[in-house]
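Novice: Quick one: sequence plus predicted model below, questions after.
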Amino acid sequence: MKLDRTDIKILYELQKNGRITNVELADLVHLSPSPCLMRVKRLQAEGYIEGYSAQINLGKLGQTLTVFTEITLKNHRQVDFARFLAVVDKIDQVIECHLVSGGYDYLVKFVTAGIGEYQTIMERLTDMEIGIDKYFSFVVLKSPIVKSHLPLTSLFPV
C-alpha cells in the first residue's frame, strides 16, 4: 500500500490525539467523514496504526526515577545480543532499548520507583552473566521537552 499526503496527515493527527472524532479528523485533513474513516480503517488493517494508548502523567501518580544507561557487552556475536535482549525485554522498568553505534552497544531507558530499585535491577543483570561488560548510568533530573509524536509530515513529505 502506497501512502499519499492525506494518509500521512491522518497518521500525524492520530498520533497527536488518538481520541479525536472522525468528524474532527476529517476536517483537519480536508476530507469528508466517510472517506476519512475508510482511510483510517485501511491504515489499521495494513499495520500502519498498531494501536491506541493513554499518555499517563507520572508526576500525578507519585515520584519516579528515569535513568538512561549505556551498556557495553563483552562479546559481539549474534548470540550475545540475543541473550541480552531476551532478558532485558522481560524487565517492566525498561521502557526503551536501542542498539547504537559508537562507544557502547545499547542505550536503555529505565523508569523505576527510585534509585534503590534501579540499583537492584542493575545488580541482578550483572549477576546473571548475560554478557554485560560495563555500564554507565545517567539519572534524569528534569525533562523540559518530551514529545509523544513524530514529525511525520516533515519525514515523509509526499
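Specialist: Noted; the coordinates are in hand.

Novice: pretty sure residue 113 is touching residue 64, no?
Specialist: Yes - assessed by Cβ atoms under 8 Å, residue 113 is found in contact with residue 64 at 6.5 Å. Where C-beta positions appear, they are placed from N, C-alpha and C, glycine not excepted.

Novice: how about the nearest residue to residue 49, chain neighbours excluded?
Specialist: Nearest non-adjacent residue to residue 49, counting by Cβ to Cβ, 6 or more residues apart in numbering: residue 43, 5.1 Å away.

Novice: Look up how far residue 26 lies from the one you found.
Specialist: Noted for residue 43: a distance of 14 Å to residue 26, by Cβ to Cβ, to the nearest Å.

Novice: more neighbours, the two?
Specialist: Neighbour count, other Cβ atoms under 10 Å: between residue 43 and residue 26, residue 26 has more, with 20 against 17.

Novice: what sits against that one?
Specialist: 32, 33, 35, 36, 37 (Cβ atoms under 8 Å, 6 or more residues apart in numbering).

Novice: Tell me the buried residues within these.
Specialist: In those, burial by neighbour count holds for residue 36, counting by 16 or more other Cβ atoms under 10 Å.

Novice: can I get the contacts of residue 26 in TSV with secondary structure, distance to residue 124 and pLDDT?
Specialist: Putting those into TSV (DSSP: H, G, I helix; E, B strand; the rest coil; distance: Cβ to Cβ, whole Å; pLDDT from 0 to 100) gives the following:
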residue	secondary structure	distance to residue 124	pLDDT
32	coil	55	97
33	helix	52	97
35	helix	52	97
36	helix	49	98
37	helix	48	98
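
Novice: Before I go, just wanted to say thanks for your time.
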